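Asker: Sharing a model prediction with you, sequence too.
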Amino acid sequence: MQTKRLTRIAAMALAMAVGAGPMLAQSQSDQHVVSLNELGKDSAAPAETRRANEAEIRHLFASEAGQKALKSANVNYDRIDHAVSAMSDEDVSKISDRARELDRDFAAGNLSDHDLLVILIIALIVIILIVVLR
């Protein structure tokens, strides 16, 4: 009789453990260290950064000074636009940093012929990258 009772208690304990397992797993999966929203935001950050960098480069070449530099180099803006899309993230980042500096100089009225030459050199780098990437 004690064996039956012990068997019933063991069976009940086993049933409770099996039943509680999925509930514990569910509660643990609800409490991630990093939420899915945070992961989504972190994964979107590099793409947003690249878009902002590309926009900065395009803004530089769309400006009056940028258009003058492109015209003096006989370069069409569409080629620059296409090249920016094809460049690596690192190249886009470097060129956009320089574009921001030039944009600040232009806004402050400090844009000189030297700066136009720098814009021209950046345009040539972009064109060279187009040729190399093809």
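Answerer: Yes, it's here. Since this is a predicted model, take the numbers as computed values, not measurements.
Asker: Secondary structure element for the residue sitting nearest the centre point of the chain, which one?
Answerer: Centrality entry for the chain: nearest residue to the mean C-alpha point is Pro46, 1.5 Å, by CA atoms, centre = their mean. In the assignment (DSSP states H and E), Pro46 maps to helix 36-62.
Asker: I figured the residue nearest to the centre of the chain was touching Asp89, is that so?
Answerer: Yes - using CB atoms under 8 Å, Pro46 and Asp89 qualify as a contacting pair, with a distance of 7.2 Å. The way it works is simple: take the backbone N, C-alpha and C, and place the C-beta from them, glycine included.
Asker: give me the low-pLDDT residue ranges for this structure?
Answerer: Scanning the chain for pLDDT under 70 picks out 1-2, 6, 10-35, 39-40, 42, 110-111, 113, 116, 134.
Asker: mind redoing it with 90?
Answerer: Segments of the chain classed as low confidence (criterion: pLDDT under 90) are 1-48, 54, 56-134.
Asker: for stretch 80-89, the distance to its chain's centre please.
Answerer: In terms of CA atoms, centre = their mean, to the nearest Å, the centre of stretch 80-89 is set 15 Å apart from its chain centre.
Asker: okay, it in CSV with CA atoms only?
Answerer: In CSV, the C-alpha atoms belonging to stretch 80-89 read as follows (Å, rounded to 0.1, in the frame of the first residue of the first chain):
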residue,chain,number,x,y,z
ILE,A,80,28.2,61.3,-58.6
ASP,A,81,24.7,60.3,-57.3
HIS,A,82,25.2,56.8,-58.8
ALA,A,83,28.7,56.5,-57.4
VAL,A,84,27.7,57.5,-53.9
SER,A,85,25.2,54.6,-53.9
ALA,A,86,27.9,52.1,-55.0
MET,A,87,30.6,53.2,-52.5
SER,A,88,31.5,51.3,-49.3
ASP,A,89,30.2,52.5,-46.0
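Asker: ok, and what's touching it?
Answerer: With CB atoms under 8 Å, 6 or more residues apart in numbering as the test, stretch 80-89 has contacts from 46, 50, 54, 57-58, 61, 70, 92, 95, 123, 126-127, 129-130, 133.
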